[in-house]
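with the sequence up front, the predicted model follows.
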Amino acid sequence: MSEDKTAPVLAISTEVDRQHVDIDGRAYDLATAEDMSLRDQMWLGRAGKQIKDSMTGSPADAITDEQLGEIEDLMNRVVRMALPSLPGEVFARLRDRHKIALAMAFMSAAGLAGETRQSATPSSPDSSDSMEADETSGSTSPSPPSEGTSSK
């Protein structure tokens, strides 16, 4: 049996089909997994897992103010990564429920949620992703990706 010598071994496309979200009637492109480095993708998976675990794992009255602040910080970072072109004044108008919905839509659209787009809860891409405690503070927040490490 002869092989087709003209068929490529690998076909790569650098063109990205972008999905978008509408906020106040204006469309904003969502970032894609292709826009992010592996470090960014891993951070997003850990952040998504921590947000989900925090919101579903404990009764609301069991979450401390410090934990709530960490969740808010994570959610803000996820939304900023999801919508890099979102103007600051639009971001400032978003309520927490908007940020949760945006983060869920982004994680699903970027293929980082491990669930279908219709899913109502974010999840990490791999349950073996574990949170490592920060040696100085004992915090389990994922460290944000370092500036300049994103490869596009």
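It's in.

for this protein, just list every one of the helices.
For the chain, the helices defined by DSSP state H cover 38-56, 65-82, 88-93, 96-109.

including mean pLDDT, could the ones you listed go into JSON lines?
Shown next, in JSON lines, are the helices of the chain (pLDDT from 0 to 100):
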{"stretch": "helix 38-56", "mean pLDDT": "86"}
{"stretch": "helix 65-82", "mean pLDDT": "92"}
{"stretch": "helix 88-93", "mean pLDDT": "97"}
{"stretch": "helix 96-109", "mean pLDDT": "90"}
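
and residue 101, how close does it get to residue 16?
The gap separating residue 101 from residue 16 is 23 Å, by Cβ to Cβ, to the nearest Å. Where C-beta positions appear, they are placed from N, C-alpha and C, glycine not excepted.

next, count neighbours for residue 71.
Neighbour count for residue 71, taken as other Cβ atoms under 10 Å: 20.

wait, it touches residue 53, no?
No - with contacts counted by Cβ atoms under 8 Å, residue 71 stays clear of residue 53, the gap being 10.0 Å.
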